[in-house]
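>>> below: sequence and its predicted model.
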Amino acid sequence: MRLYSLSVLYKGDPKVHLLKAAYDVSTFNFFQRSSVQEFMTFTSQLIAERSPLGSRASVKEQEYLCHVYVRSDGLAGVVIADNEYPQRVCFTLLDKVLDEFSRQVSKMDWLSGSPATISYSALDGYLSKYQVQPP
């Protein structure tokens, strides 16, 4: 059971943009890592774009399960995990991350922010904390 990506996005007009993301591509071949990360970024944006405000969904994409939560204020979170990772845990993580993010990052920054300009460093910690280590 693995988590591969945890993203925070803003669903504004006209499209969704990435605010902050963390990736764990360590299980992939070194030469595949950048393209896998690009795929996860693109997929996260696409799923958030297609999800209505105030919704939660789980979408299967290739061998991954993408869990998305779009709040009514437009803040969205996407977790990309393998098929075995518990859905309930993914949505608990998204709730926690989006609540914390909205408290620490000004709503003004959501509109024009990017991963380089948003100062929120907890995603990497959450991604490693919620990894399930094999017994």
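Arrived safely. Numbers count the residues shown, from 1 in each chain.
>>> by contact count, what packs against the worst-scoring helix or strand of the chain on mean pLDDT?
Using mean pLDDT, DSSP states H and E, the weakest-scoring helix or strand in the chain turns out to be helix 107-112, at a mean of 91. Applying 3 or more CB pairs under 8 Å, 6 or more residues apart in numbering; DSSP states H and E, we find helix 107-112 packed against no helix or strand. Any C-beta I mention is one placed from the backbone N, CA and C, and that applies to glycine too.
>>> mind listing what's buried along that helix?
By neighbour count with 16 or more other CB atoms under 10 Å, helix 107-112 contains the buried residues Trp110.
>>> equivalent analysis for stretch 124-135, please.
Buried residues in stretch 124-135, counted by 16+ other CB under 10 Å: 126-127, 130.
>>> please, which helix or strand holds Gln37?
Using DSSP states H and E, Gln37 maps to helix 33-50.
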